[in-house]
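Enquirer: need a structure here:
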Amino acid sequence: MEFNMSMVVPASPEELWKTLLDVPSISSCIPGCENVEEIERFATYKATVKQKIGPFKVEVPADIVVEAMTAPSNVRIRATGRDKFTGTRLTASLDVNVTAEGSDSTLAVEAKVDIQGRLASMGLGVIKRRVDQNFEEFEIKLKNLVGAA
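Expert: So this is what the prediction gives:
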């Protein structure tokens with residue numbers, strides 16, 4: 001599954017980039033993201049993502065690798081994990097791009113997600129709705145975070 005999302009953030013690209021690199025703060029904007037642990041700064045992390053999708057509650061401990069970073073405009077991240085209750089395996093590749101939009105910034109996310117196991121049986125529509133809800137919640141929290149800075 002592939003998802004493309006974008007938003008305009010009321011911050012310069014440099015301000016937005018600084019916020020994106022503040023892992024404890026930015027992880028608080030991600031719905032269901034908990035227990036973020038930095039293994040190596042800007043390289044590897046661990047986190048747990050909890051979500052309810054359809055009838056399934058999933059809790060995915062994930063290994064997160066920063067595959068490439070070009071400051072202040074692009075970061076590519078890969079996350080893998082497995083929910084022990086449903087046996088669902090997730091692999092996600094995210095390309096996050098920051099560009100100037102007047103005095104603001106555009107944050108664009110291209111995501112490729114591979115889901116295997118019981119959660120995959122939900123189908124694209126249900127999963128896409130959850131992804132859209134999570135991105136909307138992320139957008140609100142990020143804009144509040146940038147506004148509060």
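Enquirer: neighbours of residue 76, just the number please.
Expert: 16 (other Cβ atoms under 10 Å). (Each C-beta comes from the backbone N, C-alpha and C, glycine too.)
Enquirer: Also the one 3 residues further on?
Expert: Residue 79 has 19 neighbours, counted by other Cβ under 10 Å.
Enquirer: Likewise for residue 144?
Expert: Residue 144: 11 neighbours (other Cβ under 10 Å).
Enquirer: Phi and psi next, for it.
Expert: phi -70, psi -40 (degrees, to the nearest 10).
Enquirer: likewise residue 118?
Expert: Dihedral angles (degrees, to the nearest 10) for residue 118: phi -60, psi -40.
Enquirer: Quick check: the residue lying closest to it once chain neighbours are set aside vs residue 26, distance?
Expert: In this structure, residue 118 finds its nearest non-sequential neighbour in residue 86, 4.3 Å apart by Cβ to Cβ, 6 or more residues apart in numbering. Distance, residue 86 to residue 26, using Cβ to Cβ, to the nearest Å: 27 Å.
Enquirer: where does this protein have low pLDDT?
Expert: Low-confidence segments of the chain, defined by pLDDT under 70, are located at 148-149.
Enquirer: Quick one: the strands in it, in order.
Expert: 2-9, 33-40, 44-53, 56-70, 74-82, 89-101, 104-116 (DSSP state E).
Enquirer: would a markdown table of these with distance to residue 125 be doable?
Expert: Formatted as a markdown table, the strands of the chain follow (distance: least, Cβ to Cβ, whole Å):
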| stretch | distance to residue 125 |
| --- | --- |
| strand 2-9 | 13 |
| strand 33-40 | 24 |
| strand 44-53 | 11 |
| strand 56-70 | 15 |
| strand 74-82 | 23 |
| strand 89-101 | 18 |
| strand 104-116 | 13 |
